[in-house]
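**Student:** the following comprises the amino acid sequence and a computationally predicted model.
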Amino acid sequence: MNTDPREAEQYDFVDIQQRWLPVWDELAPFRSGDPTDSRPKKYVIDMFPYPSGDLHMGHAEAYAIGDVIARYWVLKGFNVMHPIGWDAFGLPAENAAIKNNLDPGTWTYENIAQQKASMRNFACSFDWDRVLNTCDPSYYRWNQWFFLQMFKRGLAYRKFSAVNWCPNCQTVLANEQVVAGECERCDTVVTKKKLAQWYLRITEYADRLLEDMQELEGKWPEKVLLMQRNWIGRSQGAHVDFVIEGREEPVTVYTTRPDTLFGATFFVVAVDSDLAAELAAGTQAQPEFEKYLEKVKATSEMDRLDSSREKTGVFLERYAINPVNGEKIPIYAADYVLADYGTGAIMAVPAHDQRDLDFARTFDLPVNVVVESETDPRETGIATADNGVLINSGPLDGLTKVEAIPRMIEILTERGTGEVATNYRLRDWLISRQRYWGTPIPIIHCPTCGEVPVPEDQLPVELPSTEGMDLSPQGVSPLATATDWVNVACPQCGGAALRDTDTMDTFVDSSWYFLRYTDPNNSEAPFAPEKVKEWLPADQYVGGVTHAILHLLYSRFWVKVAFDMGLVDFVEPFTRLLNQGMVLKDGSAMSKSRGNLVRLSDELGENGVDAIRLSMVFAGPPEDDIDWAEVSPAGSRKFLARAWRLAGDVTSAPGVDPTTGDLGMRKATHKTIADVEQSIESMRFNVVVARIMELVNVTRKAIDSGCGPADPAVREAAESIAIMLSVVAPYTAEDMWNKLGHQPSVARAAWPVLDPALLVQDSVICVVQVAGKVKDRLEVSPDIDPAELEKLAMASEVVLAALEGKGVRTVIVRAPKLVNVVPQ
RNA sequence: GUCCCCGUAGUCCAACCGGUAGAGACACCCGGCUUAAACCCGGCACAGUGUGGGUUCGAAUCCCACCGGGGACACCA
């Protein structure tokens, strides 16, 4: 007989993983499609991955966190839908296909297969029967269907205008996909190009996107709500019409400060607007204007956005008439006014707008103060914007700014030269892309009938084969070269017509996939409304903050459209949102070029799936970044081994009555259950792990030097540990459950039932303070009478010594935890 | 420049309504096991909460200012 612990059975994560994975495949404990299932429902959803290669550390963190939530609700008796799929259209597939001369589909499906295998091994509690791939025609046909519904409702339209163009990706981009003047994907500086493109009218939903955020308050990260508010950028103000000398039609400007109209001393139009070109035409200023326009066009968007830049502009030799005082003010073309915000023209009030003041000082233009303030912008060079009293403003004199704004709007409205106006920063969503690997836009261009929708019974419009097609980006979609595919008969007149050759932005795919999961194989409709009604809105959405605006704004928009179509009965798709942090190494994001890449497969091989999952969850609060240099997966593995050994040490039989067990051990177990529940529900998963570790330590001591391995309370502790641990470390937990004599799967066990009686303490430690400093501790009954407690405290020798004979001014008693004696 | 969040042991992090600053871990150190080491087991220690004020019987927690870090917005009229 060998009692050497080194010879004892060892925790072998490879063996455990290999043993349980096939069993789980067989049992499929996370299937959620049974119509007879009467358990209450929960929908937990992780943002689906893009299949760009195998899973990486970031995926591991996100899916480990989502899994804690999903598995917890399963154990708590809910019918949990926890689906997964692939965001499978997009440029990386196309670029890889060009590079390696293969089909984007082949590349994509291979990666999906690899990721799927990795996820299975990572023990994610996904319902594998609901998998969807957005590049399947059975999925994207419904993109096309939605597009056509929006087209019918006037929510999808085509227009010719200046758009963002990524010269590297050779395609247009939506505003949301241009970050600081660069392409969101490839960081190339974005340029402008005039093209006819398809748009979705998200601006029509701007107010609802803002107002419905109230529902999300406190349930979504404040940061995301703020970013969306900023992005939508609603502002209140007025439209004011200015007569232009020598022009028939007046020009309207948008201003948030109509009260300062008397202080307008010049007028500015965006240099790159049609209006500027028109006003400059035929004037002496035209050559100089054109030179300036060329210069501005050559300036990158990035530099143009730099507000610290010196103001530039050209006087157009023309004048506008201030509608309230008839004053003639000069018109300038400048690049600090944006062509696509407001009306592309502004009234400049240098005294009360910093940009206008900067411009006025550069061009030596007059500055008229119309709102009183302690400082004078003409001297300080700083425009004032506070709520002062109006001066030099005729009928507004004496009013404060907040009073003057509505008054001025009234005056303008009466005179028919202006009106109240709301403006938004949000623009319509540009969805056409000049690339192959996406959803074809289901429109046929007919020389006689115009834009004709593809009849719904002809959907999907499938992508043509890449056979013989040159996918390399040339600024027009590769689909244009598929002659057989492009040339069709017009569905309306039967004449020769052409298919639209652009494909949709991949953010279309992800704008409604969470609805499709409820009914992934429906071939009659995108989903059955009653199934969506059963599961949505989703109880919990988990994903990175990178989508704070893009995907999350588009999805909210899409759902509101679906609501208006009568397809869904809610307006916000995700009740709660959790943004997990990123996985870093040595303080920065991991990347090959930085040489700080940590490979998930290496980590999994070294310490096992459970240890990696545990490390991800234990490293800190889920929304914090994890620096992999600061975590110890080996430490996680050691803890799992410790926990696992407990199961092997239990000697009582399964089903033994825990109430006959050691009371101290039982109290520790039930305290842990209570704490773990509370911590999971408030998303403090790191604390969950800490609490379980604590219970493992206590149980170890009970076995070695306490009530012993045969005590029923020890079994209760070990079983509770196995169940609670299963949300983080399912393999280890499953093996413990098995060693404890139970049938698989631990995922089907019930969450341990808390006995509140065991949370009651026989005695508590009462702290006795003198002048707020702890002097003594008393062991008292939790329901001690305050008066009695005070007597006890006052009798304490330490307290009396601390008082040093000084009198007592007052005594604060917070029975049973605290007494504070305040001396004179 | 404006707004928001965060500063707690060497490190990562706990601490419900203001009420004993420490749950858990990493690293270190010490001890046990070992021929030795690793593994394993046990243990000790380390901060008074960025700084300075204020409110309070009592402040990590509330308020103000500053410092440091992170984030959002930033010619949006």
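**Tutor:** Now that the structure is in, tell me what you want to look at.

**Student:** A:C446 touches A:C493, doesn't it?
**Tutor:** Yes. Counting by Cβ atoms under 8 Å, A:C446 touches A:C493, with 6.5 Å between them. In short, each C-beta sits where N, CA and C put it, glycine included.

**Student:** which residue does the stretch 451-600 of chain A have closest to RNA strand B?
**Tutor:** A:I549 (6.7 Å; Cβ to the nearest atom of the strand).

**Student:** dump the residue contacts of that residue.
**Tutor:** A:E176, A:M227, A:Q228, A:W231 (Cβ atoms under 8 Å, 6 or more residues apart in numbering).

**Student:** can you give me the distance of it to A:D241?
**Tutor:** Distance of A:I549 to A:D241, given as Cβ to Cβ, to the nearest Å: 34 Å.

**Student:** how about the secondary structure of the residue nearest to A:L261 when sequence neighbours are not counted?
**Tutor:** Nearest non-adjacent residue to A:L261, counting by Cβ to Cβ, 6 or more residues apart in numbering: A:V324, 5.3 Å away. Put simply, A:V324 is coil when judged by DSSP: H, G, I helix; E, B strand; the rest coil.

**Student:** give me the neighbour count for A:Q149.
**Tutor:** Other residues lying near A:Q149 total 19 when counted by other Cβ atoms under 10 Å.

**Student:** tell me the pLDDT of it.
**Tutor:** If you check A:Q149, the pLDDT there is 97.

**Student:** report pLDDT for the closest residue to it other than its chain neighbours.
**Tutor:** Sequence neighbours aside, A:M565 is the residue nearest to A:Q149 in space, at 6.2 Å (criterion: Cβ to Cβ, 6+ apart). In this model, A:M565 is scored at 97, pLDDT.

**Student:** which stretches of chain A aren't confidently modelled?
**Tutor:** A:1-9, A:300-302, A:304-305, A:307 (pLDDT under 70).

**Student:** again, only this time at 50
**Tutor:** A:1-7 (pLDDT under 50).

**Student:** where is the longest helix in it?
**Tutor:** The longest helix of chain A (DSSP state H) is helix A:685-705.

**Student:** quick one, the next helix-or-strand element following that one and helix A:685-705 angle?
**Tutor:** Next along the chain after helix A:685-705, taking DSSP states H and E as the criterion, comes helix A:712-725. On the basis of axes from the mean of the first three to the mean of the last three Cα atoms, to 10 degrees, helix A:712-725 is oriented at 160 degrees to helix A:685-705.

**Student:** helix A:712-725 and RNA strand B, are they touching?
**Tutor:** No. Using Cβ under 7 Å from any atom of the strand, we find that helix A:712-725 stays clear of RNA strand B, coming within 12.5 Å at best.

**Student:** list the helices and strands the helix or strand just after that helix packs on?
**Tutor:** Using DSSP H and E, the helix or strand that directly follows helix A:712-725 along the chain is helix A:730-739. When contacts are defined as 3 or more Cβ pairs under 8 Å, 6 or more residues apart in numbering; DSSP states H and E, helix A:730-739 packs onto helix A:13-27, helix A:609-618, helix A:633-649, helix A:712-725.

**Student:** what's next to helix A:730-739, contact-wise?
**Tutor:** A:11, A:13, A:16-17, A:19-20, A:23-24, A:71, A:123, A:125, A:608-610, A:640, A:643-644, A:646-648, A:650, A:718-719, A:721-723, A:725-726, A:744-747, A:749.

**Student:** again, 6 Å this time
**Tutor:** Residues from elsewhere that reach helix A:730-739, judged by Cβ atoms under 6 Å, 6 or more residues apart in numbering: A:16-17, A:20, A:123, A:610, A:640, A:644, A:647-648, A:722, A:725-726, A:746.

**Student:** how about stretch A:409-425?
**Tutor:** A:206, A:233-241, A:254, A:258, A:323, A:342.

**Student:** give the contact list for the residue lying closest to A:D624 once chain neighbours are set aside.
**Tutor:** Distances taken as Cβ to Cβ, 6+ apart put A:G581 closest to A:D624, at 4.8 Å, once the chain neighbours are dropped. A:G581 makes contacts with A:E623, A:D624, A:D625, as judged by Cβ under 6 Å, 6+ apart.

**Student:** what about the nearest residue to the last one once chain neighbours are set aside, distance to A:T575?
**Tutor:** Counting by Cβ to Cβ, 6+ apart, A:G581 is the residue found nearest to A:D625 once chain neighbours are left out, at 3.9 Å. Counting by Cβ to Cβ, the gap from A:G581 to A:T575 is 21 Å.

**Student:** now swap in A:W628 and tell me
**Tutor:** In terms of Cβ to Cβ, A:W628 sits 32 Å off from A:T575.

**Student:** re the thing from before, just the buried subset of the contacts of A:I549, please.
**Tutor:** Buried by 16 or more other Cβ atoms under 10 Å: A:E176, A:M227, A:Q228, A:W231, out of the contacts of A:I549.

**Student:** between these, which is nearest A:E603?
**Tutor:** Taking Cβ to Cβ as the measure, A:E603 lies nearest A:M227 of these, at 32.0 Å.

**Student:** contacting residues around the residue positioned nearest the centre of chain A?
**Tutor:** Taking Cα atoms, centre = their mean, the centroid of chain A lies closest to A:A548, which sits 3.6 Å from it. Residues near A:A548 by Cβ under 6 Å, 6+ apart: A:V224, A:M227.

**Student:** phi, psi for it please.
**Tutor:** Torsion angles at A:A548 (phi, psi; degrees, to the nearest 10) stand at phi -50, psi -40.

**Student:** got it, and A:H239?
**Tutor:** phi -100, psi 130.

**Student:** is it correct that it is in contact with A:T252?
**Tutor:** Yes. Using Cβ atoms under 6 Å, A:H239 makes contact with A:T252 at a distance of 5.0 Å.

**Student:** returning to what we had before: wait, which of the contacts of A:I549 is closest to A:V559?
**Tutor:** Set against A:V559, the nearest of the contacts of A:I549 by Cβ to Cβ is A:Q228 (14.1 Å).
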